[in-house]
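A.B. asks: Have a look at this prediction, sequence included:
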Amino acid sequence: MGGVSLWVWGLWVWGSGGLIEEFLHGDLSQEEKRHALQREEEMPRDYRKFIAWQRSHRLTLAVYKETRRFPVHERYGLTSQVRRSAFSVPANISEGAGRSSNKDYLRFLSIALGSLKETEYLLLLARDLGYLKQKDYEEVTETVNGTFGALQGLLKAVRKELASK
């Protein structure tokens with residue numbers, strides 16, 4: 001069940017190579033093109049291709065690595081909370097990608113952004129409590145900032161696509 005996806009007019013078009021060739025070279029009628037685009041809108045996005053998801057996944061792995069050294073008495077407190085907020089970012093990006101409308105997708109991306117800011121604060125708290133060394137804090141914060149930029153870019157693109165419809 002192989003297929004190819006292609007970015008056309010702000011949308012991913014999915015199909016066999018022949019369908020895409022026909023789509024690009026105008027061999028499909030307007031109705032057939034409209035039908036192909038409608039089918040595309042119903043298909044879930046591949047979240048693993050998004051830089052925002054990739055960076056948030058790396059952030060989650062880094063948070064898990066750093067929190068292994070947190071005190072045992074924080075296992076059900078700060079350790080658990082910062083891990084939950086961190087994995088909530090890529091989880092919401094991926095869940096939103098499976099939604100059928102850009103409006104739903106945008107809502108999940110906004111939730112991911114909130115979880116990212118929560119993660120940022122909890123890492124600051126961990127540093128201030130002495131659970132994270134300054135160097136480790138700076139490294140993981142750099143990952144947070146990269147994730148924030150990529151997620152903002154994705155939000156902007158989805159908003160733009162939503163506004164154009």
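C.D. replies: Right, received. Where do you want to start?
A.B. asks: avg pLDDT for stretch 121-140?
C.D. replies: Mean per-residue pLDDT for stretch 121-140: 98.
A.B. asks: OK, contacts around the closest residue to Leu162 other than its chain neighbours?
C.D. replies: Excluding the flanking residues, the one nearest Leu162 by C-beta to C-beta, 6 or more residues apart in numbering is Asn102, at 4.5 Å. Using the backbone N, CA and C atoms, a C-beta is placed for each residue, glycine as well. Residues in contact with Asn102, defined by C-beta atoms under 8 Å, 6 or more residues apart in numbering, are Val158, Glu161, Leu162, Lys165.
A.B. asks: In ChimeraX, how would I select the buried members of those residues?
C.D. replies: In ChimeraX, this line selects whichever of the contacts of Asn102 come out buried by 16 or more other C-beta atoms under 10 Å:
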select :158
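A.B. asks: Report how many residues lie close to Ala97.
C.D. replies: Ala97 has 19 neighbouring residues, counting by other C-beta atoms under 10 Å.
A.B. asks: Can you read off the backbone torsions of Tyr131?
C.D. replies: Phi and psi for Tyr131, reported as degrees, to the nearest 10, are phi -90, psi -20.
A.B. asks: Report the contact partners of the residue nearest to it when sequence neighbours are not counted.
C.D. replies: Closest residue in space to Tyr131, ignoring its immediate chain neighbours: Phe70 at 4.9 Å, by C-beta to C-beta, 6+ apart. By C-beta under 8 Å, 6+ apart, the contact list for Phe70 reads Leu78, Thr79, Ala126, Tyr131.
A.B. asks: Report the distance from the helix or strand Glu142 falls within to the chain centre.
C.D. replies: For Glu142, the element it lies in under DSSP states H and E is helix 134-163. In terms of C-alpha atoms, centre = their mean, to the nearest Å, the centre of helix 134-163 is found 9 Å from the chain centre.
A.B. asks: quick one: Gly149 and Leu155, what's the gap?
C.D. replies: Plainly put, Gly149 is 11 Å away from Leu155 if you go by C-beta to C-beta, to the nearest Å.
A.B. asks: So those two - more neighbours on which side?
C.D. replies: Leu155 (17 against 13).
A.B. asks: Contacts only, for the nearest residue to the more buried one once chain neighbours are set aside.
C.D. replies: Spatial nearest neighbour of Leu155, chain neighbours left out: Leu109 (5.1 Å); criterion: C-beta to C-beta, 6+ apart. For Leu109, the contacting residues are Asn92, Ile93, Gly96, Leu151, Leu154, Leu155, Val158, by C-beta under 8 Å, 6+ apart.
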